[in-house]
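Chemist: need coordinates for the below:
(one chain, ligands or ions: 1)
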Amino acid sequence: MNAEQLFARIEAKRSFLCVGLDTDMNKIPRHLWAGDDPVFAFNRAIVDATAPYAVCYKPNLAFYEDNGEKGWVSFRRTVEYIRERYPDIFIIADAKRGDIGNTSKMYARAFFSGNLVDAVTLSPYMGYDTVEPFLQFDGKWAVILALTSNPSAADFEMQRLEEGGFLYEKVIDTSKEWGTADNIMYVVGATQARMLKGIRELVPDHFLLVPGVGAQGGSLEEVARFGMNRQCGLLVNSSRGIIYADNTERFANAAAEKAAELASQMSELLTKYL
Ligand SMILES: O=C(O)c1cc(=O)[nH]c(=O)n1[C@@H]1O[C@H](COP(=O)(O)O)[C@@H](O)[C@H]1O
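Modeler: Sure thing, here's the model as predicted:
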């Protein structure tokens with residue numbers, strides 16, 4: 001999928017919502033625990049309920065790896081289910097990988113061969129050869145961490161450089177030359193919305209993955225005001241705020257309501273800023 005196709009899907013649904021599948025066994029409703037794969041059963045219900053409002057799903061690998069071998073099976077079943085039932089929906093494996101070229105090549109194959117997912121989140125701090133293998137797959141994306149939503153973003157990303165600017169700006173400015181706006185996206189936390197104005201000067205055309213609305217307190221309105229471009233250019237993620245809206249038997253309906261609420265705000269913001 002390229003940027004134009006992604007934008008077409010955003011326009012069709014009037015939503016730029018990414019639902020984060022950060023599925024924690026301890027937080028899913030008890031009645032699901034008895035089945036053979038409770039995580040998959042939960043994800044399937046969440047996906048079926050939220051698909052009308054979402055253009056993207058983002059399973060975070062940590063939540064699957066925590067369950068060992070079974071976790072990897074739940075992850076695979078989830079992405080295969082989305083592919084089969086909702087082939088238009090973009091899938092990001094939130095794995096935050098990044099290693100020497102020879103190793104990154106294996107990570108890229110693990111996620112992209114067999115069309116498992118469309119994109120993988122990557123840490124850029126080991127440089128070009130960590131990202132390059134992910135750019136060798138047609139239609140696939142590297143999602144590079146730029147300015148993250150966590151308080152500790154101040155430790156490195158927000159460091160001022162002697163040459164001027166912040167380290168995250170250098171990361172964006174350098175790495176944008178490695179690929180194009182059709183295969184590189186940047187992560188910018190919604191809690192950093194005001195910095196989006198400067199980021200848009202560096203990458204006016206790139207898509208940005210923006211987590212941090214909902215549970216982390218970021219403002220959707222500010223994200224759209226400072227970050228939207230001509231092709232929307234935003235995928236805004238919410239995980240806990242949607243998938244754990246309720247932990248009774250009506251959890252999927254509650255998730256759908258939260259997703260619909262966000263999508264309706266997004267529709268208004270598309271009208272206002274696009
Ligand atoms: O790469 C990410 O997705 C990510 C980057 C970032 O800066 N902040 C951030 O919260 N995330 C991820 O986005 C999701 C946010 O989840 P909620 O806070 O529950 O909506 C989690 O999977 C985080 O790991």
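Chemist: find the nearest non-adjacent residue to residue 71, please.
Modeler: Closest residue to residue 71 apart from its sequence neighbours, by Cβ to Cβ, 6 or more residues apart in numbering: residue 64 at 3.8 Å. (Each C-beta comes from the backbone N, C-alpha and C, glycine too.)
Chemist: distance-wise, check the one you found relative to residue 37.
Modeler: The span separating residue 64 from residue 37 equals 11 Å under the rule Cβ to Cβ, to the nearest Å.
Chemist: ok, the two, which is more surrounded?
Modeler: Comparing residue 64 with residue 37 by neighbour count (other Cβ atoms under 10 Å), the higher total belongs to residue 64, at 24 against 16.
Chemist: wait, doesn't that one sit right on residue 40?
Modeler: No: the criterion here is Cβ atoms under 8 Å, and residue 64 misses it with residue 40 at 10.1 Å.
Chemist: quick check: neighbours shared by these two?
Modeler: residue 74 (Cβ atoms under 8 Å, 6 or more residues apart in numbering).
Chemist: near the ligand, which residues of this protein?
Modeler: Counting by Cβ under 6 Å from any ligand atom, the chain comes close to the ligand at 20, 22, 60, 94, 121, 148-150, 187, 189, 211-212, 214-216, 237-241.
Chemist: switch to 8 Å and redo it
Modeler: Within reach of the ligand by Cβ under 8 Å from any ligand atom, the chain has these residues: 20, 22, 58, 60, 62-63, 92, 94, 96, 121, 143, 145, 147-150, 153, 187-189, 209, 211-216, 237-242.
Chemist: centre of the chain to stretch 228-237, how far?
Modeler: Remark: stretch 228-237 is offset 12 Å from the chain centroid, using Cα atoms, centre = their mean, to the nearest Å.
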